[in-house]
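Student: Sequence plus predicted model, see below.
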There are 2 protein chains.
Amino acid sequence: MSPATNPPTTPAAHRRLATDAWESLFRAQVAVARQLHKEPALRRIGEREYDVLYNLSRCPSGWLRMNELNEHVLLSQPSISRMVERLESRGLVRRKTADGDKRGVLIGLTEAGAALQRDVGRTHVVNIMQLMEDALDDDELATLLALTTKLRESATMKADMGAAAVR
Amino acid sequence: MSPATNPPTTPAAHRRLATDAWESLFRAQVAVARQLHKEPALRRIGEREYDVLYNLSRCPSGWLRMNELNEHVLLSQPSISRMVERLESRGLVRRKTADGDKRGVLIGLTEAGAALQRDVGRTHVVNIMQLMEDALDDDELATLLALTTKLRESATMKADMGAAAVR
DNA sequence: CCTATTTATATGCGTTTGCATCTATTGTAG
DNA sequence: CTACAATAGATGCAAACGCATATAAATAGG
């Protein structure tokens, strides 16, 4: 519980720091997600479905492949596949075969999908801001952003290397 | 992308900081969870099921009520109820009526449940340490721990106040 | 006390998820 | 060119999930 700003003195303390940090990150994510989940605007669409629309809205070309979506959204490949199917039947996304690779599928937002994402996104942003800014000041937010970015990049890199190493 | 250590200069930058920090936190959690999910030891038991066993193992009295479990694990109340039912049928937890409140149910680990948690937990801890320590040094881990703790406490407090305000 | 409300958990039911597996296409050797 | 492995998604199916709602116990009001 000491505010260790120096390397831990014992191996046990060292181990605890890493696991405590992960658990704290995980619980914070759960706590914030819980709060965000209450937003009525998000009732029109599931959280993971919003996540898909969000990812599509953020991509420069406007199109993402199934496997790219799968990297960003925490769902299995078959689940993504069926989710896209449902979103398509609701007229929120459209699909087209990737050119140069007839196996691949590109997914993009329709007008309706983009509009819904913007709509929900707007209120979502307000809620996020309130939660985050009530908890942390700008300095702290910047630090949190930097640390989690570093963590994500490290974990992602490890995933890619792992895949490469298998070959 | 500027390493803003001072309050943002514009409202737009200000807004982005909060939402970027949340998204980064969220994606980092997804990336690390993905990696941890690969652990073969965790195949014996689902991640959320492990989370339940973990929470039970961590509680001083050895018993938690349904609603307490529900606060910590990101699942709906009915889902927790059924998960406990399954864990019980597998002999990993046991239930007893809370004394003084015949509606309440207390859940505790069985020997087998505690053993499984320790077992899986051990290898889990090793994986977490590697992921976290490869990404961040001890100073950074301590900072991340502090910031996420602050964030979680703020979000949790808000949830409780929200519940109180409705009355 | 007796009814009305709230709190704690369980259950019915349609939907979504993951695992294993399948199909179609691409890449790689021989 | 043909055969075989690898890759991208889709699909069958059982398990797990959330929502709405039911049950049961505790609490509040009259």
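Tutor: It's in.
Student: Every contact and neighbour count from this point should use C-alpha atoms.
Tutor: Fine.
Student: Could you point out the longest helix of chain A?
Tutor: As assigned by DSSP state H, the longest helix anywhere in chain A is helix A:138-166.
Student: Wasn't A:R95 part of a helix?
Tutor: No. Going by DSSP: H, G, I helix; E, B strand; the rest coil, the assignment for A:R95 is strand, not a helix.
Student: Which residues does it form beta bridges with?
Tutor: Beta-bridge pairing for A:R95 (DSSP bridges): A:I107.
Student: for the lowest-mean-pLDDT helix or strand in chain A, packing partners?
Tutor: For chain A, the helix or strand with the lowest mean confidence is helix A:138-166, at a mean of 84 (criterion: mean pLDDT, DSSP states H and E). If contacts are counted by 3 or more C-alpha pairs under 8 Å, 6 or more residues apart in numbering or on different chains; DSSP states H and E, helix A:138-166 sits against helix B:11-37, helix B:111-135, helix B:138-166.
Student: Run the chain-centre distance for that helix.
Tutor: From the chain centre to the centre of helix A:138-166 is a distance of 13 Å (C-alpha atoms, centre = their mean, to the nearest Å).
Student: okay if I get the helices and strands packed on helix A:138-166 as JSON lines plus mean neighbour count?
Tutor: Shown next, in JSON lines, are the helices and strands packed on helix A:138-166 (neighbours: other C-alpha atoms under 10 Å in any protein chain shown):
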{"stretch": "helix B:11-37", "mean neighbour count": "19"}
{"stretch": "helix B:111-135", "mean neighbour count": "17"}
{"stretch": "helix B:138-166", "mean neighbour count": "17"}
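Student: Those helices: which one's closest to A:H14?
Tutor: Evaluated over those, closeness to A:H14 peaks at helix B:138-166, with 7.8 Å, by C-alpha to C-alpha.
Student: Direction-wise, compare the closest one with helix B:111-135 and give the angle.
Tutor: Relative orientation of helix B:138-166 versus helix B:111-135 (axes from the mean of the first three to the mean of the last three C-alpha atoms, to 10 degrees): 120 degrees.
Student: what about A:E49, distance to chain B?
Tutor: To chain B, A:E49 is 15 Å away according to C-alpha to the nearest C-alpha, to the nearest Å.
Student: Which of the helices or strands spans that residue?
Tutor: helix A:47-58 (DSSP states H and E).
Student: Tell me if that helix is near DNA strand C.
Tutor: Yes. Part of helix A:47-58 sits near DNA strand C under the criterion C-alpha under 7 Å from any atom of the strand, namely A:R48.
Student: Show residues contacting that helix.
Tutor: A:37, A:62-64, A:69, A:72-73, A:83, A:87, A:107-109, A:113-114, A:117, A:121 (C-alpha atoms under 8 Å, 6 or more residues apart in numbering or on different chains).
Student: A:L151 and A:M132: what is the separation?
Tutor: A:L151 sits 19 Å away from A:M132, going by C-alpha to C-alpha, to the nearest Å.
Student: before we move on, back to that, so how far is the helix holding A:E49 from its chain's centroid?
Tutor: How far helix A:47-58 lies from its chain's middle: 9 Å, per C-alpha atoms, centre = their mean.
Student: go on, stretch A:26-36?
Tutor: 13 Å.
Student: ok, now stretch A:97-109?
Tutor: Centroid displacement of stretch A:97-109 relative to its chain, using C-alpha atoms, centre = their mean, is 23 Å.
Student: what mean pLDDT would you report for that stretch?
Tutor: The predicted model assigns stretch A:97-109 a mean pLDDT of 95.
Student: cool, and stretch A:12-31?
Tutor: 90.
Student: contacting residues around it?
Tutor: Residues contacting stretch A:12-31 (C-alpha under 8 Å, 6+ apart): A:7-8, B:25-26, B:29, B:72-74, B:125, B:128-129, B:132-133, B:138, B:141-142, B:144-145, B:148-149, B:151-153, B:155-156.
Student: go on, stretch A:80-90?
Tutor: Residues contacting stretch A:80-90 (C-alpha under 8 Å, 6+ apart): A:49, A:66, A:69-70, A:93-95, A:107.
Student: buried ones in that stretch?
Tutor: Within stretch A:80-90, the residues scored as buried using 16 or more other C-alpha atoms under 10 Å in any protein chain shown are A:80, A:83-84, A:87-88.
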